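Novice: test case, fold it:
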Amino acid sequence: MYKRSNKYNIVFSSLPSIQTLKALLSSTSKSLTCTPIKWFSAFMLCFLSFFTYANGSNNALICSTKLGSTIPSCPINKQQHAESFSHVPEIQTSCDSGGFACLEAQYHGTITDYFTFFDIDADTTVKYAIEITPRLLYADDSVLQQGHKNIRTVTPTQDEVAVTEGFNDVLVKKEHIDRMLTMTQRADGAVVDENGNTDFFLDKIKEHCQTAVNYQSTLSFCADYLNQSIDQGAADNALFFAFIDSLEKLQTVVNVVLTNALDLSNIDKLSTFKVKIFLKDSSVIVLDIKIDQGAVEISLNNNASRTSTGRTFTQAFSFGVARSSSLAEAKMMGQLPSMPILCKPINLSEDEYRVVTSIVIRLPDDGERVVDIYAKGTFFYTYQNCG
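Specialist: Here you go, the predicted structure:
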């Protein structure tokens, strides 16, 4: 997230006004230390000195490894990274190397770039000033002045520190919510989140979501109750309110301090979460949640959700699943209209595979499809007779 902030730069969209130039000329001996010989030289020298100062850039990097792909990670060597954004220019003057002192050289003074790191993970704001002296050449290409850069650490402003603190506050609250939304079902059916809590919408999971594919079924109420519980949790949970409040405050601070240094759409992405539910049969439900002005958007993440044997939902609903770690999932595989059912292998040994239950599915053409659930060892297999 690299941006150049016009908030920091002293940049003119047009030339300075006559009043500005007069003010500069009147303060020449005090503030700009210009000592011109003629009025025109004074005009040009002061004008160019003023404009040269305006060319210093102010770069910023907001970085974190804990906020995911929304924000880039911080460089290992911040000073080296900051210095790489500033370059020593080479300027050829019209001065004669064998002549008198080159007045033109005074037009090209040292400028200062700034680079500010907002390190969210460490909750620190690091700011560098890079002083750049240009390399000047005579008209015949011989060196009039060697160019160089000097970098030093400077104290960030209170507003800049407030940006880092605002992001860190959001990070801490987001991490707590992420732990709250990551749940594991124990062998006894009880569900606990990573904060050690057993409340929120956990009872609904135990009661209605025996296996992950229940969320895709109209035969169970897993999706209904889970969605309702998420809506209620987002509306009633104090942590969600605190998080959104911190997010809104952060947007205000960034608007004021870093007008163009951050795409605010990236901040909006921080209000997205993943609900991760690890069920006792090893299947996983993953839901993408976005909170937008009080509205909760919920969508199933088919590539992150898993069957009990590790297939993604995308794979399962495209190619089918034969083997399951739980009877509940095996039955659901046979009942879902959108789930491809594999044909029973011709060489399936009835001695090794025993039929646990059969499912009869009525088809739209008044026909029927028979699906058998077999058990072998600790696994269950879902097949249909293809004739």
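Novice: ranges for the helices of the stretch 51-200 of the chain?
Specialist: Counting by DSSP state H, counting those that start in this stretch, one finds helices in the stretch 51-200 of the chain at the ranges 78-83, 158-180.
Novice: buried ones in the longest one?
Specialist: Buried residues in helix 158-180, counted by 16 or more other C-beta atoms under 10 Å: 160-171, 173-174, 177-178, 180. C-betas here are computed from N, CA, C, even on glycine.
Novice: ok, the shortest one next?
Specialist: Buried residues in helix 78-83, defined by neighbour count with 16+ other C-beta under 10 Å: 78-79, 81-83.
Novice: list the helices and strands that helix packs on?
Specialist: strand 111-119, strand 124-133, strand 148-154 (3 or more C-beta pairs under 8 Å, 6 or more residues apart in numbering; DSSP states H and E).
Novice: rounded mean pLDDT for that helix, please.
Specialist: The pLDDT scores in helix 78-83 average 95.
Novice: quick one: contacts of it?
Specialist: Around helix 78-83, the neighbours that count as contacts under C-beta atoms under 8 Å, 6 or more residues apart in numbering are 59, 61, 75, 115, 117, 126, 128, 130, 149, 151, 153.
Novice: recalculate using a threshold of 6 Å.
Specialist: Contacts with helix 78-83, where a contact means C-beta atoms under 6 Å, 6 or more residues apart in numbering, come from 75, 115, 117, 126, 128, 151.
Novice: which of those residues lies closest to residue 144?
Specialist: Nearest to residue 144 among those, counting by C-beta to C-beta, is residue 151 at 23.9 Å.
Novice: list the contacts of that closest one.
Specialist: With contact set as C-beta under 6 Å, 6+ apart, residue 151 has these partners: 83, 128, 130.
Novice: what's the closest of those to residue 105?
Specialist: residue 130 (21.0 Å).
Novice: neighbours around the closest one, how many?
Specialist: 23 (other C-beta atoms under 10 Å).
Novice: pretty sure it contacts residue 88?
Specialist: No - Residue 130 is beyond contact range of residue 88, at 10.1 Å (criterion: C-beta atoms under 6 Å).
Novice: hey, what's in contact with both of those two?
Specialist: residue 149.
Novice: apart from its chain neighbours, what residue comes closest to residue 114?
Specialist: residue 58 (4.5 Å; C-beta to C-beta, 6 or more residues apart in numbering).
Novice: from residue 111, how far off is that neighbour?
Specialist: Note on residue 58: its distance to residue 111, by C-beta to C-beta, to the nearest Å, is 12 Å.
Novice: tell me where the stretch 1-150 of the chain has strands.
Specialist: Ranges of strands in the stretch 1-150 of the chain, per DSSP state E, counting those that start in this stretch, are 2-4, 58-63, 90-92, 111-119, 124-133, 135-137, 143-145, 148-154.
Novice: avg pLDDT for the fifth one?
Specialist: Meaning strand 124-133. Mean predicted lDDT for strand 124-133 stands at 95.
Novice: turn the contacts of residue 151 into TSV, columns for distance to residue 380.
Specialist: Shown next, in TSV, are the contacts of residue 151 (distance: C-beta to C-beta, whole Å):
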residue	distance to residue 380
83	62
128	62
130	66
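Novice: which member of those residues is positioned nearest residue 184?
Specialist: residue 128 (44.9 Å).
Novice: which of the buried residues of helix 78-83 lies closest to residue 206?
Specialist: residue 78 (48.1 Å).
Novice: for that closest one, give its distance to residue 119.
Specialist: 8 Å.
Novice: now do the shared contacts for the two.
Specialist: With C-beta under 6 Å, 6+ apart as the test, residue 78 and residue 119 reach no residue in common.
Novice: for residue 210, give me its contacts.
Specialist: With C-beta under 6 Å, 6+ apart, residue 210 has these contacts: residue 328.
Novice: mind doing that once more with 10 Å?
Specialist: Taking C-beta atoms under 10 Å, 6 or more residues apart in numbering, we find residue 210 in contact with 185, 189, 220, 222, 279-281, 283, 326-329, 331-332.
Novice: please apply the same query to residue 277.
Specialist: Residue 277 makes contact with 181-185, 191, 193, 201-202, 205, 209, 212, 215, 222, 226, 283-287, 305, according to C-beta under 10 Å, 6+ apart.
Novice: at 6 Å what do you get?
Specialist: 183, 205, 285.
Novice: before we move on, back to that, can you redo the buried residues of helix 78-83 as JSON lines with distance to residue 292?
Specialist: As requested, the buried residues of helix 78-83 are arranged in JSON lines below (distance: C-beta to C-beta, whole Å):
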{"residue": "78", "distance to residue 292": "34"}
{"residue": "79", "distance to residue 292": "39"}
{"residue": "81", "distance to residue 292": "34"}
{"residue": "82", "distance to residue 292": "36"}
{"residue": "83", "distance to residue 292": "40"}
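Novice: these: which two are farthest apart?
Specialist: 78 and 83 (9.6 Å).
Novice: who wins on neighbours among the contacts of residue 277?
Specialist: Counting by other C-beta under 10 Å, residue 285 has the largest number of neighbours within the contacts of residue 277, with 27 neighbours.
Novice: what mean pLDDT does the host helix or strand of residue 229 get?
Specialist: Taking DSSP states H and E as the criterion, residue 229 maps to helix 222-236. In this model, helix 222-236 has an average pLDDT of 81.
Novice: quick thing: my sequence starts at 39, can you match it?
Specialist: Yep, numbering from 39; the last one is helix 260-274 now.
Novice: that helix to helix 196-218, inter-axis angle?
Specialist: 150 degrees (axes from the mean of the first three to the mean of the last three C-alpha atoms, to 10 degrees).
Novice: would you indicate which residues of helix 260-274 are buried?
Specialist: 260-261, 263-265, 267-268, 271-272.
Novice: more crowded one of residue 96 and residue 149?
Specialist: More crowded of residue 96 and residue 149, by other C-beta under 10 Å: residue 96, with 21 against 18.
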